[in-house]
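Chemist: Generate coordinates for the sequence data below:
(one chain, ligands or ions: 1)
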Amino acid sequence: MFLKWVSWKIELFTLFVGATILLILWLKRRTTYFQRMGIPTPPTTFLLGNMRDSISQKRSFGEETKWQYNYLKAKNKLHGGIYLFWNAVYFPIDPELIKHIMQNDFHHFVDRGVYVNEEDDPLSAHLFSLKGKKWKNLRAKLTPTFTSGKMKMMFGVLLKCGKDFVDEIDRIKHEPIDIKDMLARFTTDIIGSCAFGLECNSMKEPNNEFREKGKKVFDAGIIDNLKGLLTFIMPEFAKSLGMRITNDEVTKFFMKVISDTVKYREKNNIYRKDFMHLLIQLKNKGKLVEDGNLSADKDDDGDVITFNELAAQAFVFFIAGFETSSTTMTFCLFELASNPDIQKKLRQEVLDVLEKYNGELTYDAIMDMHYMEKVVNETLRKYPPLPSLNRECTKDYRIPGTEVILKKGMKLIIPVIGLHHDEDYYPQPEKFDPERFSAENLNRHPYTFLPFGEGPRICIGLRFGMMQTKVGLSVLLKNYEFTVSSKTRLPLVMDPRSFILSTKGGIWLNCQKIE
Ligand code: HEM
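Modeler: Numbers count the residues shown, from 1 in each chain. A predicted model of the protein is given here:
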């Protein structure tokens with residue numbers, strides 16, 4: 001009996017040791033993938049790969065990306081490989097190579113490799129995460145919703161939200177304000193109105209449900225992060241478990257809001273100049289028409305989008321639209337407050353253009369602010385809200401000028417923040433200098449500036465994002481002078497928990513009313 005027990009224990013132990021050795025060999029093979037291909041890799045840590053500092057929250061993912069970029073650049077490399085845990089991710093750093101991936105050879109890199117689960121998590125099936133043909137069809141349908149004509153149509157909403165913003169700052173008076181929070185409320189109201197047709201009123205009611213749910217999307221807790229990790233490492237397994245990455249509360253809230261709005265508008269044939277109207281036309285007619293008609297006609301081509309598809313797009317316009325633009329305005333105001341000469345020059349341009357347009361802030365007036373364009377571009381260079389871009393290789397690809405073959409399924413990270421802070425392209429990269437974007441200084445490779453991405457998957461909301469950023473800045477600069485409050489932690493510290501570039505502790509500014 002005793003001997004049987006001992007032999008059983010030995011068998012178990014041998015099995016355990018064998019399984020451990022196999023696992024180590026498997027991990028070793030996976031984490032030497034690039035070495036075998038002759039592609040350089042920054043130093044890695046066992047099991048964590050190149051994620052050690054972002055997992056321990058020592059550095060944000062953006063800072064980590066910049067570090068890896070600088071490591072490879074210092075070694076004069078065109079590309080490298082990194083490991084997110086034990087998953088190999090290709091990491092191109094040469095702008096010409098990046099251009100091939102994003103534009104010339106796009107048909108090899110159509111997808112982003114982001115988790116999507118249409119059945120169990122309908123809000124995940126949006127333009128940002130959709131793949132292949134589904135993405136292509138939807139992109140073609142949605143592109144006409146972002147023309148300059150449609151932007152002009154929504155301009156009135158932006159002006160109304162700008163007025164509420166100024167009223168609120170006037171009400172607070174003399175106290176330093178957490179500008180990030182205020183700007184997120186401003187853009188929540190704009191996108192809430194344009195994407196859902198709702199008066200969110202978060203400027204006046206900071207804790208209203210729309211603002212709370214918007215915060216929840218970006219304030220990921222431990223469980224959300226673990227889910228995100230699993231969907232990244234084993235997407236198919238996560239899908240087979242029916243895993244949802246959209247928070248249940250958030251899904252419930254947005255599905256109800258969107259369903260109520262669609263039903264109300266259809267029943268009463270309401271015509272409102274916003275994205276929701278355009279999405280309902282796509283749902284009922286399969287195309288956009290100039291009149292306000294929402295119901296299907298007999299000549300409509302039948303290539304319509306479903307209610308769930310409509311809901312996912314309204315949702316992505318909201319999440320992609322409010323945080324990116326408010327982040328841009330936040331960093332821009334921080335730099336203007338730190339550089340009073342640039343602030344003065346920009347304010348003067350706003351006042352001059354307003355005078356030219358009879359005191360009215362119109363779409364054309366905004367387009368006439370050329371120094372503003374440079375200031376916003378310099379902000380997006382120094383602080384790209386998305387510090388890196390993702391792609392997935394969808395068809396085997398030979399890296400131009402090499403024998404290296406990227407296999408279908410390989411994930412890619414394009415290190416935007418590294419390119420934006422590379423002193424070969426932007427001397428003294430920490431200096432805030434809008435003149436980098438003057439016509440005479442634009443002789444850099446165009447793929448060294450990628451705040452909105454590039455190629456067929458470039459940000460679809462670029463025009464809208466720039467428009468709301470410029471409207472917000474014009475309204476604020478016309479009315480206030482900004483200085484940095486002593487409440488702001490300097491130098492700025494980036495929040496390691498946030499995948500969008502964001503500071504720890506907010507940015508506090510003093511706003512002095514200009515009489
Ligand atoms: C300053 C503001 C904004 C910035 C910096 C920004 C940045 C980006 C970036 C970097 C991408 C990925 C591009 C790529 O992979 O090549 C993206 C994609 C996207 N953005 Fe924006 N964005 C902004 C505003 C907006 C707004 C206002 C909306 C909607 C109303 C929007 C909707 C989207 C969507 C739907 C995609 C996915 C496009 C696709 O895959 O076809 N963005 N954005």
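Chemist: mind listing what's buried in the lowest-mean-pLDDT helix or strand in the chain?
Modeler: Least confident element among the helices and strands of the chain, by mean pLDDT, DSSP states H and E: helix 222-233 (a mean of 76). Of all the residues in helix 222-233, those buried under the rule 16 or more other Cβ atoms under 10 Å are 227, 230-232. To be clear about C-beta, it is placed using only N, CA and C from the backbone, and glycine gets the same treatment.
Chemist: In CSV: the residues you listed, plus distance to the ligand.
Modeler: Formatted as CSV, these follow (distance: Cβ to the nearest ligand atom, whole Å):
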residue, distance to the ligand
Lys227, 21
Leu230, 23
Thr231, 18
Phe232, 16
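Chemist: Which strands or helices does the least confident helix or strand of the chain pack on?
Modeler: helix 235-240 (3 or more Cβ pairs under 8 Å, 6 or more residues apart in numbering; DSSP states H and E).
Chemist: and the next helix or strand after the helix it packs on, how far out from the chain's middle?
Modeler: Sequence order places helix 248-268 as the next helix or strand after helix 235-240, per DSSP states H and E. Put simply, helix 248-268 sits 24 Å off its chain's centre (Cα atoms, centre = their mean, to the nearest Å).
Chemist: what do you get for stretch 143-151?
Modeler: Offset of stretch 143-151 from its chain centre (Cα atoms, centre = their mean): 20 Å.
Chemist: Quick check: end-to-end length of that stretch?
Modeler: From its first residue to its last, stretch 143-151 covers 12 Å (Cα to Cα, to the nearest Å).
Chemist: average pLDDT for that stretch?
Modeler: Confidence for stretch 143-151, expressed as mean pLDDT, is 89.
Chemist: How about residues contacting the least confident helix or strand of the chain?
Modeler: 84-85, 87, 115, 220, 237-238, 243-245, 247 (Cβ atoms under 8 Å, 6 or more residues apart in numbering).
Chemist: Now tabulate those in CSV and tack on distance to Pro43.
Modeler: Supplementary listing: the contacts of helix 222-233 in CSV, determined by distance: Cβ to Cβ, whole Å:
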residue, distance to Pro43
Leu84, 15
Phe85, 15
Asn87, 17
Tyr115, 29
Ala220, 28
Phe237, 29
Ala238, 29
Met243, 32
Arg244, 36
Ile245, 31
Asn247, 36
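Chemist: Take the residues you listed and lay them out in TSV including neighbour count.
Modeler: Below are the contacts of helix 222-233 laid out as TSV (neighbours: other Cβ atoms under 10 Å):
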residue	neighbour count
Leu84	18
Phe85	18
Asn87	17
Tyr115	19
Ala220	17
Phe237	11
Ala238	20
Met243	18
Arg244	19
Ile245	20
Asn247	19
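Chemist: which among the residues you listed gets closest to Ile55?
Modeler: Comparing the contacts of helix 222-233 against Ile55 with Cβ to Cβ places Phe85 closest, at 9.0 Å.
Chemist: any idea of the angle the longest helix seen in the chain forms with helix 248-268?
Modeler: Longest helix in the chain by number of residues (criterion: DSSP state H): helix 307-338. Orientation of helix 307-338 against helix 248-268 (axes from the mean of the first three to the mean of the last three Cα atoms, to 10 degrees) gives an angle of 110 degrees.
Chemist: helix or strand right after helix 307-338?
Modeler: Helix 307-338 is succeeded, C-terminally, by helix 340-356 (DSSP H and E).
Chemist: Who are the packing partners of that following helix?
Modeler: Contacts defined by 3+ Cβ pairs under 8 Å, 6+ apart place helix 340-356 against helix 307-338, helix 363-367, helix 370-382, helix 462-479, strand 480-484.
Chemist: what pairs with the last one, and is each one parallel or antiparallel?
Modeler: Each strand paired with strand 480-484, and its direction, by DSSP bridges: strand 508-513 (antiparallel).
Chemist: In the longest helix of the chain, which residues are buried?
Modeler: 309-337.
Chemist: Run the angle between that helix and helix 370-382 for me.
Modeler: Using the same axes, to 10 degrees: helix 307-338 against helix 370-382 is 100 degrees.
Chemist: Would helix 307-338 count as contacting the ligand?
Modeler: Yes - residues of helix 307-338 are located near the ligand by Cβ under 6 Å from any ligand atom, namely 316-317, 320-321, 324-325, 328.
Chemist: Save the residues you listed as CSV, and put in pLDDT too.
Modeler: Below are the residues of helix 307-338 next to the ligand laid out as CSV (pLDDT from 0 to 100):
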residue, pLDDT
Val316, 93
Phe317, 92
Ala320, 90
Gly321, 89
Thr324, 95
Ser325, 96
Thr328, 97
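Chemist: Closest one to Glu119 out of the residues you listed, please.
Modeler: When the residues of helix 307-338 next to the ligand are compared against Glu119 (criterion: Cβ to Cβ), the nearest one is Val316, at 17.9 Å.
Chemist: Quick one: classify the nearest residue to the closest one once chain neighbours are set aside as helix, strand or coil.
Modeler: Once flanking residues are discounted, Val316 sits nearest to His126: 3.5 Å by Cβ to Cβ, 6 or more residues apart in numbering. Three-state call for His126 (DSSP: H, G, I helix; E, B strand; the rest coil): coil.
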